[in-house]
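Q: have a look at this fold, sequence not included:
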């Protein structure tokens, strides 16, 4: 296990590629939203696990925006990275792109924010590494992650 207490955001990047087949689609030939959410959750969990060097469990899904439909035959690329780490939790951002090799065209179709918790062998939350942003984009996402976390915590308090 890494003994450093910090890791760069870039060390958490995970890229997944999937081909949309007919069994992934609805009657219109569009990728099912639930299938895409499944892929997003897996990609984000891998990113959180890569960052924390632990098994990570999904704590919440903030938001998934659907910008463009994804069709059977499209290639879906998901890119996830830890935006910010807190004590035991991490916010992971996932961007989804569709590409049609015949048309040679790639489009950003979806974005999602998920929170994961690092757990030990007994499923108990454990402290994770700090995530250090290096680029301007990583710094922007790092700052925005704190705002989203504060909003999540306020929303949770209002419900109780």
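A: That came through, no problem. Note that the structure is predicted; figures quoted are calculated from it, not measured. Numbers count the residues shown, from 1 in each chain.
Q: quick one: mean pLDDT for the longest helix along the chain?
A: Using DSSP state H to define each element, the chain has its longest helix at helix 136-159. For helix 136-159, mean pLDDT rounds to 91.
Q: which secondary structure elements does the longest strand seen in the chain contact?
A: Ordering each strand of the chain by length in residues (DSSP state E) puts strand 105-119 first. Applying 3 or more CB pairs under 8 Å, 6 or more residues apart in numbering; DSSP states H and E, one finds that strand 105-119 contacts helix 33-52, strand 55-66, strand 75-85, strand 89-100, helix 136-159. Every residue, glycine included, has its C-beta placed from N, CA and C.
Q: in TSV, list those along with mean neighbour count and distance to residue 114.
A: Formatted as TSV, these follow (neighbours: other CB atoms under 10 Å; distance: least, CB to CB, whole Å):
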stretch	mean neighbour count	distance to residue 114
helix 33-52	21	5
strand 55-66	15	5
strand 75-85	23	9
strand 89-100	22	5
helix 136-159	13	11
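Q: flag every buried residue along the longest strand of the chain.
A: 109-110, 112-119 (16 or more other CB atoms under 10 Å).
Q: ignoring the adjacent residues along the chain, who's closest to residue 109?
A: residue 68 (4.5 Å; CB to CB, 6 or more residues apart in numbering).
Q: quick one: contacts for that neighbour?
A: Residue 68 makes contacts with 98, 107, 109, as judged by CB atoms under 8 Å, 6 or more residues apart in numbering.
Q: got the buried residues for the very next helix or strand once past the longest strand of the chain?
A: Downstream of strand 105-119, the first helix or strand assigned by DSSP states H and E is strand 130-132. For strand 130-132, burial by neighbour count (16+ other CB under 10 Å) applies to 131-132.
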